[in-house]
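Visitor: Sequence plus the predicted model coming up.
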Amino acid sequence: MASTTTSLAAEVWRPDVNVFAPTDVLADAAIMEHSTVSAKIEGDAPMVRIGYVTDASAAYHTEGTDLTVTDPALSEIEVLTQELGFYHEVTRDQYRQTQTAGQLAQSVARSITRLADKCFLSEANPTSPAVRPIGGIENYAGLSTQTAVAGSLDKLIDLETACRTAGADPTAWVMAPDAWATIRKMKKASGSNDGLLGAGTDDTKPLLLSIPVFLNSQMSSKTGLLIDKAEIISSVSMLEVDVDGSAAFKSVKVAIRGTWRIGYGIPRPARIGKFVLS
């Protein structure tokens, strides 16, 4: 008697699972652009443990004397991850129409990217004892901050200075579209039409204090972040897209499911800046 195996069964009994590297499909996700991806994890229970060294201060030395003892601390932070999901059913007839499958696959990627950006950038911290959804960078404890920014770039200069003093080498400003619009409207003087940043009509790449600017609609209104991607350690899984013709077998539908797991941690949060415009 022949055994039943996936190699012999009809396709409906062995639905394909499509896995895509996130750098290929979700390259525009903020977590891919503005963090250092260093781990892959599956499941809610496991944690990512990020080890880092708290530097000790070096000391001057006099020839012939004992060196001053310095004690750097070996520290760690624990990072939870959050799974993001997409599920949709479409009739088999519609799914077989030209371009439907491809367009739906792109829709999965866009939907997951938007939610991932909210999770990474601006999601509110959960209320204890809940631990998910994980909070975004805007709500991370210990960031360098400036509030009530208005009229000039002085507070943003101070914010950059604070981050660099803490040891950062900023790689990007990430801000809400209305935050960037407000900054671009700042004038050189009262009653002047000359903007602090110039006309901005021929900019090939937006810059603020010589640091690239990235706009993201998932940021909170009039809020921005000054990021050093080397200081944000993240974990991302592969994006999995499953297409199954048996899940809604009775109604002759095809089920489309997408999942992606992300998480991040900031060992030295003072190296990341946050500002809010008034």
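Guide: All right, it came through fine.
Visitor: In three-state terms, label the most centrally placed residue in the chain for me.
Guide: The chain has I31 as the residue nearest its centroid, 2.6 Å off, counting by Cα atoms, centre = their mean. Counting by DSSP: H, G, I helix; E, B strand; the rest coil, the backbone at I31 sits in helix.
Visitor: I'd guessed it sits against I262; true?
Guide: Yes. The pair I31 / I262 is scored as a contact, 5.5 Å apart, by Cβ atoms under 8 Å. Yep, even glycine has a C-beta here, placed from its N, CA and C like the rest.
Visitor: Identify the contacts common to those two.
Guide: Overlap between the neighbourhoods of I31 and I262 consists of 116, 120, 234, 236, taking contacts as Cβ atoms under 8 Å, 6 or more residues apart in numbering.
Visitor: Backbone torsions only: list them for the spatially closest residue to the first one that is not a sequence neighbour.
Guide: It refers to A116. Using Cβ to Cβ, 6 or more residues apart in numbering and skipping residues adjacent in sequence, the residue nearest A116 is A29, 4.9 Å away. As for A29, its main-chain torsions (degrees, to the nearest 10) stand at phi -60, psi 140.
Visitor: Check A255 and give its pLDDT.
Guide: The model reports A255 with a pLDDT of 91.
Visitor: so it touches Y87, yeah?
Guide: Yes. Here A255 lies in contact with Y87, judged by Cβ under 8 Å, at a distance of 7.1 Å.
Visitor: Quick check: neighbours shared by these two?
Guide: Residues touching both A255 and Y87 by Cβ under 8 Å, 6+ apart: none at all.
Visitor: Looking only at neighbour counts, state which of those two leads.
Guide: Comparing A255 with Y87 by other Cβ atoms under 10 Å, the one with more neighbours is A255, at 18 against 12.
Visitor: Now do the strands in the protein.
Guide: For the chain, strands defined by DSSP state E occupy the ranges 17-20, 36-39, 48-54, 73-79, 81-91, 144-149, 172-175, 207-208, 211-215, 223-227, 233-236, 239-248, 253-265, 273-277.
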